[in-house]
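Chemist: Give me a 3D structure for the following:
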Amino acid sequence: MSRQCESYVFYMILWDLFTPTTYLEDLCHQHNIDICAIHAIKHTQYLRGRSPVLKLGNLTCLGVRMM
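Modeler: Coordinates of the predicted model:
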C-alpha cells in the first residue's frame, strides 16, 4: 500500500473515532466516499513522472562522501 493510501486510511480511522454517526445511511455514504478516494489515489498517474531524487542519507549509503 502506498504512503498516500496509508495516510488516508489513518485519516479515515481518526474521522470515524471522533465523529461517530448513528445513521447507517450516513456511514455507508462516508465509506463510499472513502473507497472512491482510495481508488483515485491508487490509480493516479502523472503524465511527466519524475524519478526520485537521491537524498544525503541515500548518497552516503552508496559510498559517496559529502564535504
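
Chemist: So which residues of this structure form helices?
Modeler: Taking DSSP state H, the helices of the chain run over residues 3-18, 24-42, 56-61.

Chemist: could I get these as TSV with mean neighbour count, mean pLDDT and distance to residue 50?
Modeler: Heads up, the C-betas are built off the backbone N, CA and C, glycines and all. Listed next are those as TSV, based on neighbours: other Cβ atoms under 10 Å; pLDDT from 0 to 100; distance: least, Cβ to Cβ, whole Å:
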stretch	mean neighbour count	mean pLDDT	distance to residue 50
helix 3-18	12	84	16
helix 24-42	12	86	18
helix 56-61	10	59	16
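
Chemist: Tabulate those (JSON lines), appending distance to residue 48.
Modeler: Listed next are these as JSON lines, based on distance: least, Cβ to Cβ, whole Å:
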{"stretch": "helix 3-18", "distance to residue 48": "19"}
{"stretch": "helix 24-42", "distance to residue 48": "19"}
{"stretch": "helix 56-61", "distance to residue 48": "23"}
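
Chemist: Can you give me the distance of residue 29 to residue 35?
Modeler: 11 Å (Cβ to Cβ, to the nearest Å).

Chemist: Sorry, slip of the keys, the one I care about is residue 43.
Modeler: Here residue 43 is placed at a distance of 12 Å from residue 35 (Cβ to Cβ).

Chemist: Same check on residue 10?
Modeler: Look at residue 10 and residue 35: by Cβ to Cβ, they are 16 Å apart.

Chemist: Now do the same contact list for the residue nearest in space to the middle of the chain.
Modeler: In the chain, the centroid-proximal residue (Cα atoms, centre = their mean) is residue 4; its distance is 1.2 Å. Contacts here follow Cβ atoms under 8 Å, 6 or more residues apart in numbering; on that basis residue 4 touches residue 41.

Chemist: before we move on, what about residue 37?
Modeler: residue 8.

Chemist: Please apply the same query to residue 14.
Modeler: Counting by Cβ under 8 Å, 6+ apart, there are no residues that residue 14 touches.

Chemist: No further queries at this time; thank you.
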